[in-house]
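Chemist: Fold the following for me, if possible:
(chains A and B)
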Number of protein chains: 2
Amino acid sequence: MWSYVPPIRDMQFVVDELLEVRKDWAEIPEFSDLDADTTPQILDAAGQFVVQNLAPTNAGGDLQGCRYDTGSVITPDGFAQAYAVYRDAGWPALACHPSFGGQGLPQLLNAALYEMLFAVNHAWSMYPGLTHGAYECLRNHATEAIKSIYLEKLVSGEWLSTMCLTEPQAGSDVGLVHTRAVPQADGSYSISGSKIFISGGEHDLTPNILHMVLARLPGAPIGTKGISLFLVPKIIPGDVPRRNGVQCDGIEKKMGIKGSATCVMTFASATGWLIGVPHRGLAAMFVMMNAARLIVGLQGLGHAEMAYQNALRYAGERSQMRAPVKPENAAPTIRSGADPIVYHPATRKTLLTLRAYVEGQRAVAYWCAHLLDIAEHHPDGARRATADDHASLLTPIVKSFCTEKGFQLASAALQIWGGYGYIHEYGVEQSLRDSRIAMIYEGTNEIQAIDLLVRKVIADGGQKFMGLLGVLRDEATLCIAAAGCESFGRVLGQTYGEFMDATSAIIADAPANPELAHRIAADYLYLAGLLLVGSIWARAARLASPRRTEPFYASKLQTAQFFFDYLMPETRLRLDLLNRRHCALPWVGAN
Amino acid sequence: MWSYVPPIRDMQFVVDELLEVRKDWAEIPEFSDLDADTTPQILDAAGQFVVQNLAPTNAGGDLQGCRYDTGSVITPDGFAQAYAVYRDAGWPALACHPSFGGQGLPQLLNAALYEMLFAVNHAWSMYPGLTHGAYECLRNHATEAIKSIYLEKLVSGEWLSTMCLTEPQAGSDVGLVHTRAVPQADGSYSISGSKIFISGGEHDLTPNILHMVLARLPGAPIGTKGISLFLVPKIIPGDVPRRNGVQCDGIEKKMGIKGSATCVMTFASATGWLIGVPHRGLAAMFVMMNAARLIVGLQGLGHAEMAYQNALRYAGERSQMRAPVKPENAAPTIRSGADPIVYHPATRKTLLTLRAYVEGQRAVAYWCAHLLDIAEHHPDGARRATADDHASLLTPIVKSFCTEKGFQLASAALQIWGGYGYIHEYGVEQSLRDSRIAMIYEGTNEIQAIDLLVRKVIADGGQKFMGLLGVLRDEATLCIAAAGCESFGRVLGQTYGEFMDATSAIIADAPANPELAHRIAADYLYLAGLLLVGSIWARAARLASPRRTEPFYASKLQTAQFFFDYLMPETRLRLDLLNRRHCALPWVGAN
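Modeler: Predicted coordinates for the structure are as follows:
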């Protein structure tokens, strides 16, 4: 009863109409020969994989979970088979460079693939989820020798990888990492220490696992400037492959993503190789973390899409009580006096809220992925630099806003099922549990907000962020000139202006008030997310307006109107909170 | 590591200072002789029970869950022992009338007891949770013969009870119930049908279970006006007690409250007795449902209190990163550069939000319980009637607002633990899962909102509700005249005025717009909840202001300021949404 139809029509709308990516692809040599059929072919094939091979393992994987047995982890039934299909179809290679066996397709398509993977099985998708980040990290920072041994194995999916950052005392604060790395005579390092919360630290999907490990060299400075990055394979390749000194000492019992093994890992004089420059491991790891943050944002999106589709279907099937008003074409109320709950205003509001955020956030997340493609491939260096800046600003927004909404919307959808929503077999309670982790890992949503406001917006006096948000102003101008979209343009333009004023005021006040930015960072990020989604709906309405007789575009116009009527007003609350800069925040102790 | 300290100091502040209940008790013969020590003695004893006997069974009960075995349900280890202690200590009898073996104490104290029960073990507390409602229902609607057989057993806790409303096709819409009741020659009825989601439908805590069952008599009118209420005991008492034709056919696998057996019940020609008038079963059941709705509101409160206490403790113990500012008396930052996260602004905001809602909602919920006492016991008929009206208006607000916040705040608290929050052994993820059900059962929160606005506020032109909210206006006036509280009074008074204006406008527009009230009901209820909590904080500040040198009262003033600075602004968003009465809400279909 929990089912998934890949939202390919909407994905195409985002790619072709909202983002007009083909204009940019035409300027990029690697992508200029992609014909118009490539995107739909890839999306269709990905959709078939997730529906046929992956979705059937989701509920069972949650019930069964992973099993730990003296160093080994057995994944739920069907996980390994699904991975074999995924690997053999070449999905890990989608957006990797052909020189390492990749297909050389845009990361944008990888984002669409991952949205679908997460929608149908978040837990399973954790295993391949770090592949692209590890690939980027090694490609940019590893020696040629390391690349030649490991990169193709990652790209082919023959091996999988992890990110080993967290230790019991070092979570958000990675500078507290204790794991040590001692140089060896042969140029390798001996790695010792304990890591926790390592997704896919051990499993039975691939014969080897490549651990990307943060550790300290002897005499390293305290804090984040004394951390180096090492590659520590589970099996050391060679003429005689040998087991490395790394092992899984247990897996966590978690609220959700139970099919994903969250491992306690012990490194006992394990052999590793330095990736990048000593003490600059975080810089190298950030390539991987940024890729992972976009991926995590897609988890929120995938959960919300899944919850939306199923809630919409269920609301049409379930009849309870008479609706106060019904559409003209509705069937007559049955004898018992009950109407389908999709006619009830509270249900419609929930469904429209889901639709508005799902479709709006999809466009924002895909935009971020598209910017990564431009940043990597565009021949114009200035375009690359700007796209890189903009992707770096969008990443924390996508990670935080999409995961917060993913969880909230899964909960909102659950409510549509009433008591059935709380029961495992109806599926949505698993979405709620699975989606919750995405607000935490890869940098908590609070860390994302500080990253955006303190480290990125304030750091350069708001210049780059204001540059990025110029699209809001431009969209507002276009809407004001477009028949039927004037009111969207006016609201967007005015809110944009107030957000810019608030930003300037925060930047002006921050130096004298060291807490200010930390105090309001979450509201700031949330408002940015709302405004971005608002600008997407304004643009969608503008594009849809001339085609309003077609149902797909009529729905876009309707959802845009709903967003501006019912959801956009929250921008005023967030602006109000941003503008209360004088409010102190007391210290908290026992009552 | 998950621990609970009964918040008795704050409970006393609510009872003695915010609500000044002793003034009212003095006018009530049954309570006028309660000496000043009664309340603290009862609260202390309840606190000891929950900490010593009940809390230790919570995490294990979640892991173990209930076991179903051919009609029987085995509750988790320790549940039956904890119930025996509870029963033997006389807790079921606390607020029942002495003529049935009760202690005759105020329901207000029962509310405090239940807050503590739910805080430490929601699942266990489901079993006795319906006792008081069933007691009220039988006391008010059963024949003397029925009362003489069953009431004392309920009051003593020897037997427990259920509410059997829901059927697969009849959830929110109880009018769709199919279960049939056929009159028998001996005056009893033969009950046949299936019920689902029956909490405590079967268990091993008591030898008998009293099912309160909604069913239809032959020829009953369609809908809610054709439903009658029956008492169907699991064991029919008598010289030779005999098993009745009711059995449990299975239990649900749920997201949370796993130690509570959620049963599928089959009634196969079971013997039952009519309670109240034929076809008027809902009216009789509503006594029970209203009692249960207040109890469910206390679930949200209990979870939020538990989450708050533990998050506050953890935030003091966990150090990550340097705080932008620290209090003057803080210990120097340790060498690693990390400060306790309780100094970080994002953490403080979360903790203060938890504190502000927990303490504010406690006062609102206890107020509702106190009104029930006045409605039942006050010698002045007019006072009784007004209290009954006000309790009936507060009940849906307490149910909906406290349970929505309970879930939200459990989630907010979870975030403070970072990755640890997602792991079972840290406790908070269970609170999040357990708390979610309270937004659904006993009438979904959407149904509560319609109950408040459509059935109660609009139905009498807003008269009674405006009467109830007169306390807001009065509190605003008192604050404006109190040193240091003027700004609270002004904001409260202005928001109250705008809420009254919005209420009048809704009432005026509703007849011509049958969807209007349904569309905005949730925002209306939420705003009412926010305003009530706001008025509690204004009053708390006014009472605390003269004693601001004492830490307890200083904290009250500080939290009041936080509420008005950071949380009260949301009233403006909700007013904005209420005032967008012209916005249509589209029909929703496939995209």
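Chemist: Show me what the biggest strand by length in chain A pairs with in its sheet, parallel or antiparallel.
Modeler: In terms of residue count, the longest strand belonging to chain A (DSSP state E) is strand A:262-275. Looking at strand A:262-275 with DSSP bridges, its partner strands are strand A:189-199 (antiparallel), strand A:228-233 (antiparallel), strand A:246-251 (antiparallel).
Chemist: Mean neighbour count, those: which tops it?
Modeler: strand A:228-233 (a mean of 26; mean count of other Cβ atoms under 10 Å in any protein chain shown). C-beta: built from backbone N, CA, C; applies to glycine.
Chemist: Alpha carbons of it, as CSV, please.
Modeler: Listed in CSV are the C-alpha atoms of strand A:228-233, where the atom choice follows Å, rounded to 0.1, in the frame of the first residue of the first chain:
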residue,chain,number,x,y,z
SER,A,228,44.8,15.2,8.5
LEU,A,229,42.9,12.9,6.1
PHE,A,230,43.8,9.3,5.5
LEU,A,231,42.5,6.6,3.2
VAL,A,232,42.3,3.3,5.2
PRO,A,233,41.0,0.4,3.2
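Chemist: okay, how far is it across stretch A:79-96, tip to tip?
Modeler: The distance separating the two terminal residues of stretch A:79-96, taken as Cα to Cα, to the nearest Å, comes to 24 Å.
Chemist: Contact partners for the residue of chain A most remote from its centre?
Modeler: For chain A, the C-alpha lying farthest from the average C-alpha position belongs to A:R335; by Cα atoms, centre = their mean, that distance is 46.9 Å. Applying Cβ atoms under 8 Å, 6 or more residues apart in numbering or on different chains, we find A:R335 in contact with B:I222.
Chemist: circling back to that earlier point, Throw the strands paired with strand A:262-275 into TSV and include mean pLDDT, thanks.
Modeler: Compiled in TSV, the strands paired with strand A:262-275 are given as follows (pLDDT from 0 to 100):
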stretch	mean pLDDT
strand A:189-199	98
strand A:228-233	98
strand A:246-251	98
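Chemist: closest to A:L43 out of those?
Modeler: Set against A:L43 and scored by Cβ to Cβ, the strands paired with strand A:262-275 come closest in strand A:189-199, at 26.3 Å.
Chemist: State the next helix or strand along the chain beyond that closest one.
Modeler: Remark: after strand A:189-199, the chain's next helix or strand is strand A:209-215, criterion DSSP states H and E.
Chemist: Break chain A down into its domains, please.
Modeler: With domains defined by automatic domain parsing, chain A comprises A:8-138, A:161-280, A:444-591.
Chemist: where in the stretch 451-591 of chain A is pLDDT low?
Modeler: Under the criterion of pLDDT under 70, the regions of the stretch 451-591 of chain A flagged as low confidence span A:590-591.
Chemist: ranges for the helices of it?
Modeler: In the stretch 451-591 of chain A, the helices defined using DSSP state H, counting those that start in this stretch lie at A:463-480, A:486-509, A:516-544, A:551-562, A:570-578.
Chemist: Export those to CSV and append columns for mean neighbour count and distance to B:D37.
Modeler: Formatted as CSV, the entries for the helices of the stretch 451-591 of chain A read as follows, by neighbours: other Cβ atoms under 10 Å in any protein chain shown; distance: least, Cβ to Cβ, whole Å:
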stretch, mean neighbour count, distance to B:D37
helix A:463-480, 18, 61
helix A:486-509, 18, 53
helix A:516-544, 24, 44
helix A:551-562, 20, 58
helix A:570-578, 19, 45
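Chemist: any chance of these in CSV, plus distance to A:E30?
Modeler: Formatted as CSV, those follow (distance: least, Cβ to Cβ, whole Å):
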stretch, distance to A:E30
helix A:463-480, 24
helix A:486-509, 34
helix A:516-544, 27
helix A:551-562, 31
helix A:570-578, 39
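Chemist: who wins for proximity to B:L312 among these?
Modeler: B:L312 lies closest to helix A:516-544 among the helices of the stretch 451-591 of chain A, at 18.6 Å (Cβ to Cβ).
Chemist: quick one: the closest one to chain centroid distance?
Modeler: Average the C-alpha atoms of helix A:516-544, do the same for its chain, and the two points are 17 Å apart (Cα atoms, centre = their mean, to the nearest Å).
Chemist: now for it, which elements pack on it?
Modeler: Under the contact criterion of 3 or more Cβ pairs under 8 Å, 6 or more residues apart in numbering or on different chains; DSSP states H and E, the helices and strands touching helix A:516-544 comprise helix A:345-377, helix A:381-416, helix A:445-450, helix A:463-480, helix A:486-509, helix A:551-562, helix A:570-578, helix B:345-377.
Chemist: Just put those in a markdown table and tack on distance to A:D10.
Modeler: Output for the helices and strands packed on helix A:516-544, formatted as a markdown table (distance: least, Cβ to Cβ, whole Å):
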| stretch | distance to A:D10 |
| --- | --- |
| helix A:345-377 | 6 |
| helix A:381-416 | 15 |
| helix A:445-450 | 25 |
| helix A:463-480 | 19 |
| helix A:486-509 | 19 |
| helix A:551-562 | 9 |
| helix A:570-578 | 23 |
| helix B:345-377 | 34 |
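Chemist: remind me which residues of chain A are low pLDDT?
Modeler: In the predicted model of chain A, residues A:590-591 satisfy pLDDT under 70.
Chemist: Let's have the domains of chain A in CSV, adding distance to B:A459.
Modeler: As requested, those are arranged in CSV below (distance: least, Cβ to Cβ, whole Å):
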stretch, distance to B:A459
domain A:8-138, 43
domain A:161-280, 42
domain A:444-591, 26
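Chemist: Reformat the strands paired with strand A:262-275 as CSV; add distance to A:M11.
Modeler: Written out in CSV, the entries for those read as follows (distance: least, Cβ to Cβ, whole Å):
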stretch, distance to A:M11
strand A:189-199, 26
strand A:228-233, 34
strand A:246-251, 34
